[in-house]
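Peer 1: Provided below for reference: sequence and predicted model.
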Amino acid sequence: MTSGPAANRPLRVAMLSVHTSPLHQPGTGDAGGMNVYMRQLARCLAEQDADVDLFTRCGAQGQPQRVDLGPGVRVRNLVAGPRAPLAKEQLPDRLAEFSLSLLRSTDPDRNGRPYDVVHSHYWLSGQVGRIAAAHWRIPLVHTMHTLARVKNAALAEGDTPEPEHRVQGEHRVIGSADRLIANTPAEAEALRSLYGAARTDVVRPGVDLRIFHRGDGRAAARDRLGIPRHAFVPLFAGRIQPLKGPDVLLRAVVELLGMAPGLRRRLLVPVIGGLSGTGTAEPERWHKMCARMGIADVLRFGGAVPQDVLADWYRAADVVVMPSRSESFGLVALEAQACGTPVLAAAVGGLPTAVWDGVTGLLVAGHDPVDYALRLLWWAERPDLVELMGRGAVRHASGLSWERAAKETLDVYRAAREALTPRG
């Protein structure tokens, strides 16, 4: 498949993301780490001589059909249903329409293949990827990002489980994909043990070190954000939904103030991100919870922010807290560490890979608020350890670049192409 004139042109990649656009602001709605993943991966693939079209659903009137993200990278908005936002739960009924729009929007070369590989993200896109790859007779590479069976095993109280049709859809994608890309060995094991997956490669995500770095330091970042220099600042950054565990942090703050009442004078807990998932059902839930717990005076809720501003929040924090119930990798952890801030995280999913326990942060087994409070108190009383772990965090994050991730992903694409038995 790689011989002849085609071997001398850039590898052409059709990257699929039905439910969320790479152009969406991370931290809002369904946009999060996966949006960052696709943009950064596509950028670095193009820098390594690939050509990438990112296909997503047109979700608003007036959206252009094509948006250039940079040399060799384009976002292409396909019409599938109304030009308006749709909940993920509504999208399975639009997949056939999206697939037709995809096939109609591309001009095949003389071999009938407009692309060399399809790379789909999330199970909804995988359904489309199966159709496109078979039609074009090219390999399908798929990245799950999250798994229904894993999420359902770690639900917060009152949270809604993923439906059975998603579980079955994931099985179909896994059975059809020529290669699967997992973010961590833990995800690869979940794919194998829960879904019987084979042909899985582990490619750890990266961090954009052009944005996320120590910059001019904690004090300067606090001055820009209006945070007192003497404050103790545990930061939550991400989509506000039960899966991410913000309730665990709030209860930990109550426990922390019970252990050290004097800390209230300098405690500030920013929560940066937008409502998502079941968190949107009761928008005032988190504010009401803070008021009921008596901690509203130390919490500061902010919406999602651009990445350069998010980097300042990371720099300003003493520690970033990630009490997630499920996390395929946890890009927030890597971004925070690149900015010189240690991470306190649940030992779930990919977080034990993202955080080097005892060196760049601390991992907690479980979600007992007391365990998180004890570790926060330890940091509050030992600012020297915040600085020491911050230096280790920068060293750790510096080895996880998107350039490395793109190189390893290209290796997966090539392996998939070489192993593919010609179709048709």
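Peer 2: Structure received. Numbers count the residues shown, from 1 in each chain.

Peer 1: can you verify my assumption that residue 177 contacts residue 140?
Peer 2: Yes - at 5.0 Å, residue 177 counts as touching residue 140 under the criterion of C-beta atoms under 8 Å. No exception for glycine: its C-beta is placed from N, CA and C like everyone else's.

Peer 1: common neighbours of these two, please.
Peer 2: Common neighbours of residue 177 and residue 140, counting by C-beta atoms under 8 Å, 6 or more residues apart in numbering, are 126, 129.

Peer 1: what's around residue 343, how many residues?
Peer 2: 29 (other C-beta atoms under 10 Å).

Peer 1: how about the nearest residue to it, chain neighbours excluded?
Peer 2: In this structure, residue 343 finds its nearest non-sequential neighbour in residue 361, 3.6 Å apart by C-beta to C-beta, 6 or more residues apart in numbering.

Peer 1: and for residue 155?
Peer 2: Spatial nearest neighbour of residue 155, chain neighbours left out: residue 161 (6.0 Å); criterion: C-beta to C-beta, 6+ apart.

Peer 1: likewise residue 46?
Peer 2: Nearest-residue entry for residue 46: residue 72, 3.2 Å, with adjacent residues in sequence omitted and distances by C-beta to C-beta, 6+ apart.

Peer 1: for residue 226, the count of nearby residues, please.
Peer 2: Neighbourhood size, residue 226 [other C-beta under 10 Å]: 8.

Peer 1: give me the pLDDT for it.
Peer 2: Looking at residue 226, its pLDDT stands at 96.

Peer 1: next, the contact list for it, please.
Peer 2: With contacts defined as C-beta under 8 Å, 6+ apart, residue 226 has no neighbours.

Peer 1: redo that, cut-off 10 Å
Peer 2: By C-beta atoms under 10 Å, 6 or more residues apart in numbering, the residues touching residue 226 are 300, 316.

Peer 1: how about it, phi and psi?
Peer 2: Backbone torsions for residue 226, taken as degrees, to the nearest 10, come to phi 70, psi 30.

Peer 1: that one and residue 316, how far apart?
Peer 2: Look at residue 226 and residue 316: by C-beta to C-beta, to the nearest Å, they are 10 Å apart.

Peer 1: over to residue 256?
Peer 2: Per C-beta to C-beta, residue 256 is found 19 Å from residue 316.

Peer 1: quick one: residue 75 is in a helix?
Peer 2: No - counting by DSSP: H, G, I helix; E, B strand; the rest coil, residue 75 is not found in a helix; it is strand.

Peer 1: please shift the residue numbers so they start at 41 in all later answers.
Peer 2: In the new numbering, first residue 41, that becomes residue 115.

Peer 1: where does the stretch 341-464 of the chain have low pLDDT?
Peer 2: For the stretch 341-464 of the chain, the stretches with pLDDT under 70 are 461-464.

Peer 1: what segments of it are strands?
Peer 2: Taking DSSP state E, counting those that start in this stretch as the criterion, the stretch 341-464 of the chain carries its strands at 359-362, 383-386, 401-404.

Peer 1: kindly reformat these as CSV containing distance to residue 352.
Peer 2: Formatted as CSV, these follow (distance: least, C-beta to C-beta, whole Å):
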stretch, distance to residue 352
strand 359-362, 13
strand 383-386, 17
strand 401-404, 19
